[in-house]
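# Quick one: sequence plus predicted model below, questions after.
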Amino acid sequence: MIVVATTETTRERILRTASGIMSKKGYAAVGINEVLAASAVPKGSFYHYFASKDAFGEAMLQDYFDGYLADVDRMLSAPGRTMAERLMTYWESFSETQETFECQGRCLVVKLGAEVADLSEPMRLVLRDGTDAITSRLAAAVAAGVEEGSLTVEDDPAGLARTLYSMWLGASVMSKMHRDPRPLADAMAMTKRLLAS
């Protein structure tokens with residue numbers, strides 16, 4: 001049986017391959033030819049989907065956030081668990097992904113955030129909107145946890161969500177710089193204190 005690849009499948013393969021490579025090397029260090037060779041796609045196909053490397057970077061980040069947010073939604077809506085337990089599942093997943101030091105496309109915000117924010121305004125906006133969507137979901141989860149009684153917090157849920165996410169991004173960077181998981185463990189301990197779960 002012959003399986004015909006659709007246009008979307010080829011595009012998704014380029015984006016998925018690039019995410020894995022760029023999560024290790026960064027954005028500027030990776031050329032289009034490297035991505036195409038790794039994804040086994042001819043160069044002409046790349047420009048059929050993306051007008052430029054920056055347009056490609058924007059699409060890659062959007063694709064990353066689409067998948068990431070779907071994972072967050074799944075964790076925060078898991079049945080049979082309190083919202084405090086669901087939130088801790090999110091932070092445990094965040095920690096596990098970062099502790100490997102080989103994120104395989106699962107930590108593009110940590111890897112590319114500072115690098116591309118000054119290179120491309122469209123990519124910066126995707127990063128901004130994506131991280132805002134994450135903190136918005138976390139804020140809603142904190143508020144729901146307070147309402148159901150599984151969380152006790154003193155701060156505004158939106159401000160607390162931004163603080164927690166920022167702390168975890170910083171801990172991830174420190175952990176990578178030192179090749180040491182202790183900053184992530186510190187972030188987890190502080191998260192538990194702030195959420196009083």
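That came in fine, so what should we check first?
# just checking, what's the longest helix in the chain?
The helix that spans the most residues within the chain, counting by DSSP state H, is helix 121-148.
# And for the very next helix or strand once past that helix, what's in contact with it?
Going down the chain from helix 121-148, the next helix or strand is helix 157-178, by DSSP states H and E. Helix 157-178 has contacts (CB atoms under 8 Å, 6 or more residues apart in numbering) with 91, 94, 98-99, 101, 107, 109-110, 113, 131, 134-136, 138-143, 146, 153, 155, 181-184, 186-187, 190-191, 194. From N, CA and C alone the C-beta is placed, and that goes for glycine too.
# what helices or strands is the next helix or strand after helix 157-178 leaning on?
Following helix 157-178 in sequence order, the next helix or strand is helix 182-195 (DSSP H and E). Identification of packing neighbours for helix 182-195 by 3 or more CB pairs under 8 Å, 6 or more residues apart in numbering; DSSP states H and E yields helix 83-99, helix 157-178.
# Quick one, which of the ones you listed gets closest to residue 55.
For the helices and strands packed on helix 182-195, the distance to residue 55 is smallest for helix 157-178, at 25.5 Å, taking CB to CB.
# tell me which element residue 34 falls in.
Going by DSSP H and E, residue 34 is in helix 32-39.
# could you dump whichever helix or strand comes after that helix to PDB, C-alpha only?
Later in the chain than helix 32-39, the nearest helix or strand by DSSP H and E is helix 43-49. Presented in PDB, the C-alpha positions along helix 43-49 are these (Å, rounded to 0.1, in the frame of the first residue of the first chain):
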ATOM      1  CA  LYS A  43      14.900  22.900  -0.200                       C
ATOM      2  CA  GLY A  44      12.200  23.900  -2.600                       C
ATOM      3  CA  SER A  45       9.600  22.500  -0.300                       C
ATOM      4  CA  PHE A  46      10.800  24.700   2.600                       C
ATOM      5  CA  TYR A  47      10.100  27.900   0.600                       C
ATOM      6  CA  HIS A  48       6.700  26.500  -0.400                       C
ATOM      7  CA  TYR A  49       5.700  26.600   3.300                       C
END
